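In: Sequence and predicted model, in that order:
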Amino acid sequence: MIDKTAFSMFNMPPQPNDPNLVELIKLHLEAAEAPDEAQAFLSIPEIQNVMNLNPVSQRVIINRVLTTVLLKLRAMEETVVIHMVPLLANDGLLEDWITLMKEFVIPFLVSNKVLTKVTNN
């Protein structure tokens, strides 16, 4: 049986002061001088689908997408990603998640050109 409350909460639009996590990730990628990575991130269909959702829903999908991308990179190049995956948690404070993304995940994505490698294959 489908939990209609959870489904409707997932699809809720953001509140006026909610951050747009998709936009935030894009901006951090661009700030890291990785416009190709930012474009690759935005080109992922699942990311496009959550552009206008609330940050809780965006976080879940961004985490799922990045986990999948990291695992694909590991399979393609045998790159060690095990230290990145635990940083993609769906619980905890949003501010902490943003900090982890900015300080650890995004630099890893940029230095390994993860998004462009995986989305172009």
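Out: Nice, thanks for sending it over. Numbering: from 1, shown residues only.
In: And the helices in the chain, which stretches?
Out: Ranges of helices in the chain, per DSSP state H, are 4-10, 21-31, 35-43, 45-49, 55-77, 94-100, 106-112, 114-119.
In: Output these in JSON lines; the columns should cover distance to Leu87.
Out: Any C-beta I mention is one placed from the backbone N, CA and C, and that applies to glycine too. Conversion of the helices of the chain to JSON lines gives the following (distance: least, CB to CB, whole Å):
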{"stretch": "helix 4-10", "distance to Leu87": "22"}
{"stretch": "helix 21-31", "distance to Leu87": "13"}
{"stretch": "helix 35-43", "distance to Leu87": "16"}
{"stretch": "helix 45-49", "distance to Leu87": "18"}
{"stretch": "helix 55-77", "distance to Leu87": "9"}
{"stretch": "helix 94-100", "distance to Leu87": "5"}
{"stretch": "helix 106-112", "distance to Leu87": "9"}
{"stretch": "helix 114-119", "distance to Leu87": "14"}
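In: So which of the ones you listed is the most surrounded?
Out: Among those, helix 114-119 has the highest mean neighbour count (mean count of other CB atoms under 10 Å), at a mean of 20.
In: can you list the residues that contact that helix?
Out: Residues outside helix 114-119 that contact it (CB atoms under 8 Å, 6 or more residues apart in numbering): 29, 36-37, 40-41, 43-44, 69-70, 72-73, 76-77, 108-109.
In: Pull out the CA atoms of that helix and give them to me as PDB.
Out: C-alpha atoms of helix 114-119 as PDB (Å, rounded to 0.1, in the frame of the first residue of the first chain):
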ATOM      1  CA  VAL A 114      33.300  12.200 -12.000                       C
ATOM      2  CA  LEU A 115      30.100  13.700 -13.400                       C
ATOM      3  CA  THR A 116      31.500  14.300 -16.900                       C
ATOM      4  CA  LYS A 117      33.100  10.800 -17.100                       C
ATOM      5  CA  VAL A 118      30.000   9.000 -15.900                       C
ATOM      6  CA  THR A 119      27.300  11.000 -17.700                       C
END
